[in-house]
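In: Give me coordinates for this.
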Amino acid sequence: MSIYKRKSGRWAVLIDVDCSADGKRQRRPLGTFPTRKEAERAEREALSARDRGIDLSPLRITVGELMRRYLEDAEARVGAKTLERYRDLDRLHIEPTLGGMALARLRPAHLSEWLAMLLREGRAKRSLAEDAAAPASEGRARDPGLSAKTTRHAFALLKGALSWAVRMQVVAVNAALAVDAPKVARREAVAFTADEVALLLAAAAGTRWEALIAFAAGTGARRGEVAAVKWADVDVENRRVTIRRSLSQTRDGVFEKATKTDRVRVVPLSEIALGALRRQKVAQAADKLAAFGAFDDQGFVFTPPLGGHLVPYAITHAFREIARKAGVSCTNVHALRHSVGTALISSGVDPRTAAAILGHSSAMTTLSIYSHLVEAASSAAVGKIDEFMGRTKAPKVG
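Out: Purely as a prediction, here's the structure:
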């Protein structure tokens, strides 16, 4: 080990690491420091890490390099859509600020300052967007700024990368463990009323999307799950459909993947869903005739005019236009799913059964999403106690 002063006045540190394959001693620089005291502290930390068996070669790795390695490792563990989201979070919110920082020098204070900066800039951008009356220049939508939710997601990604770095013995401590994630206000699930669902179906009548919207409204399946349903998954005789897969879309294309919870589930078919499937069968037969042999039949229930599979974003865009035409309160196709969840919980269906239909990982997830409905149901249930007790007469004494 060696500490020496450079001509610039800064103190440099060299530390012995494991020998190379030819048996020669290896020395690695830790960098330079403004004072000898700071250089000695860095040396002590490095020696302590070396003695604990932690690889010292990554001491020069930056946060940006860690993220690159972590995301490469994540390719085999997460779906294409999730990986794309991770890369966007890194590119937009981690790399610009922390990417060049040496990983070995990352401290909780740096992360706390980074989170505060993201939230502060997000608020400023949203304020400017709200105040600006003119449309965005060059046809580009205005950036609404970073929300607390997105900031929390970026922090969770970095925290996960640091945990991975600890497991890989790149760093000794996950600095993010000492930092609190931004709080995100819980929002109630947005759902359509029964009247709005009727308006949606009326607006979709006669379009290619009529059966798909009715099927989604009758099953509560996710957008990607609806797009991935095949005729082989449909059992009309027993009135059920098996949700086995989902279609996910990224900038690189459309991919087939497992459902969100990696589980296959069987969903009973309601009358509205059965009717939708019957209409789609007829509509698809007409498409095949019109295609004169060019129909690409891959077995999907909902298809473009020439077969194949639907693009998930196309469902989103089509539903948005239909929702605007219908004049309903929301244009998000996912609200259809929440409408089914709302109908189930409001009707007294137990959360475990609702979770099975909706494909939630557990009843606790269902309770969390629809907690406001559960609370309302609990208040109504208390009235049953009064009703029962009112019919109960006190026994006569003596």
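
In: Which parts of the stretch 201-350 of the chain are strands?
Out: Under the criterion DSSP state E, counting those that start in this stretch, the stretch 201-350 of the chain carries strands at the ranges 234-235, 240-243, 246-250, 253-257, 265-268.

In: just those: most buried one?
Out: strand 246-250 (a mean of 21; mean count of other C-beta atoms under 10 Å). Using the backbone N, CA and C atoms, a C-beta is placed for each residue, glycine as well.

In: Each with direction, which strands does that strand pair with?
Out: Looking at strand 246-250 with DSSP bridges, its partner strands are strand 253-257 (antiparallel).

In: Output the strand it pairs with as PDB, nothing but the C-alphas.
Out: Extracted C-alpha coordinates of strand 253-257, given in PDB (Å, rounded to 0.1, in the frame of the first residue of the first chain):
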ATOM      1  CA  GLY A 253     -42.000  -5.100 -31.300                       C
ATOM      2  CA  VAL A 254     -44.700  -7.400 -29.800                       C
ATOM      3  CA  PHE A 255     -43.700 -10.300 -27.500                       C
ATOM      4  CA  GLU A 256     -45.700 -13.200 -26.000                       C
ATOM      5  CA  LYS A 257     -45.100 -13.600 -22.300                       C
END
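
In: distance between that strand and the chain's centre?
Out: Relative to its chain's centre, strand 253-257 lies at 16 Å (C-alpha atoms, centre = their mean, to the nearest Å).

In: With stretch 172-191 instead?
Out: Here the centre of stretch 172-191 is set off from its chain's centre by 13 Å, with C-alpha atoms, centre = their mean.

In: ok, and for that stretch, which residues are buried?
Out: By neighbour count on 16 or more other C-beta atoms under 10 Å, the buried set for stretch 172-191 is 174-176, 179, 182, 189, 191.

In: same question, stretch 259-279
Out: Neighbour-count burial for stretch 259-279 flags 259, 265, 267, 269-270, 273-274, 276-277 (criterion: 16+ other C-beta under 10 Å).

In: tell me the contacts of the spatially closest residue to residue 87 that is not a sequence neighbour?
Out: Excluding the flanking residues, the one nearest residue 87 by C-beta to C-beta, 6 or more residues apart in numbering is residue 71, at 6.1 Å. Going by C-beta atoms under 8 Å, 6 or more residues apart in numbering, residue 71 touches 83, 86-87, 90.

In: any idea how far the closest residue in space to residue 312 that isn't next to it in sequence lies from residue 203?
Out: Nearest residue to residue 312 in three dimensions, chain neighbours excluded: residue 249, at 4.4 Å (C-beta to C-beta, 6+ apart). Distance of residue 249 to residue 203, computed by C-beta to C-beta, to the nearest Å: 24 Å.
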